[in-house]
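> how would this look folded up:
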Amino acid sequence: MKIAILNCLRANEVCTGSACLRAFNTRTAHFSGYGDTPLELVAMARCNGCGNGLNDGFRKKLDRIVQVEAEVCHLGHCTRRGEPKEECPTITEAARYLEARGVRILRGTH
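Have a look, this model is predicted:
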């Protein structure tokens with residue numbers, strides 16, 4: 001199964017992606033439900049920042065996730081450390097965009 005991970009740009013302040021990759025590689029946290037299904041990480045992306053919405057650049061990233069045939073896109077944390085864990089409107093919009101193109105959305109990585 002082909003998997004993509006999409007995070008909010010705001011998470012860049014504290015995120016290296018290592019916890020997402022560890023959870024993916026060890027099939028823990030939000031990746032534990034895949035059992036023995038072979039997994040392939042085909043994309044790992046960030047949005048283009050708050051207030052930008054689905055601008056042309058971000059839409060191209062999302063289209064690339066579809067082009068590489070991601071079957072599931074996991075949405076990672078959308079906040080800076082210490083802030084409430086709320087999904088940002090841009091990520092919500094991106095999730096709808098991907099779902100409309102056949103990509104299943106799961107919220108959470110680690």
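> Can you list the buried residues in stretch 63-77?
Residues of stretch 63-77 classed as buried by neighbour count (16 or more other CB atoms under 10 Å): 65, 66, 70, 72, 73, 74, 75, 76, 77. The C-beta positions use only the backbone N, C-alpha and C, and glycine is treated the same way.
> in a helix, that's where the fifth one is, yeah?
No - counting by DSSP: H, G, I helix; E, B strand; the rest coil, residue 73 falls outside a helix, being strand.
> contacting residues for it?
By CB atoms under 8 Å, 6 or more residues apart in numbering, the residues touching residue 73 are 3, 4, 5, 6, 65, 95, 98, 103, 104, 105, 106.
> Any regions of this structure where pLDDT drops low?
For the chain, the stretches flagged by pLDDT under 70 are 77-86.
> for it, what spans make up the helices?
Ranges of helices in the chain, per DSSP state H, are 18-26, 56-67, 89-99.
> Tell me which of those helices is the most buried.
helix 89-99 (a mean of 18; mean count of other CB atoms under 10 Å).
> and it with helix 56-67, angle?
40 degrees (axes from the mean of the first three to the mean of the last three CA atoms, to 10 degrees).
> related to what we said a few turns ago, most widely separated two among the buried residues of stretch 63-77?
Spanning the widest gap among the buried residues of stretch 63-77 are 66 and 77, at 22.9 Å by CB to CB.
> on that earlier part again, can you redo the helices of the chain as a markdown table with distance to residue 48?
Listed next are the helices of the chain as a markdown table, based on distance: least, CB to CB, whole Å:
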| stretch | distance to residue 48 |
| --- | --- |
| helix 18-26 | 19 |
| helix 56-67 | 4 |
| helix 89-99 | 8 |
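> Kindly state which of these is positioned closest to residue 37.
Among these, helix 18-26 sits nearest to residue 37 (CB to CB), with 12.5 Å.
> Residue 66 contacts residue 98, doesn't it?
Yes - between residue 66 and residue 98 there is a contact at 7.0 Å, judged by CB atoms under 8 Å.
> Next, give phi and psi for the residue of the chain positioned farthest from its centre.
Centroid-distance maximum for the chain: residue 36 at 21.4 Å, with CA atoms, centre = their mean. Main-chain torsions, residue 36, degrees, to the nearest 10: phi -90, psi 10.
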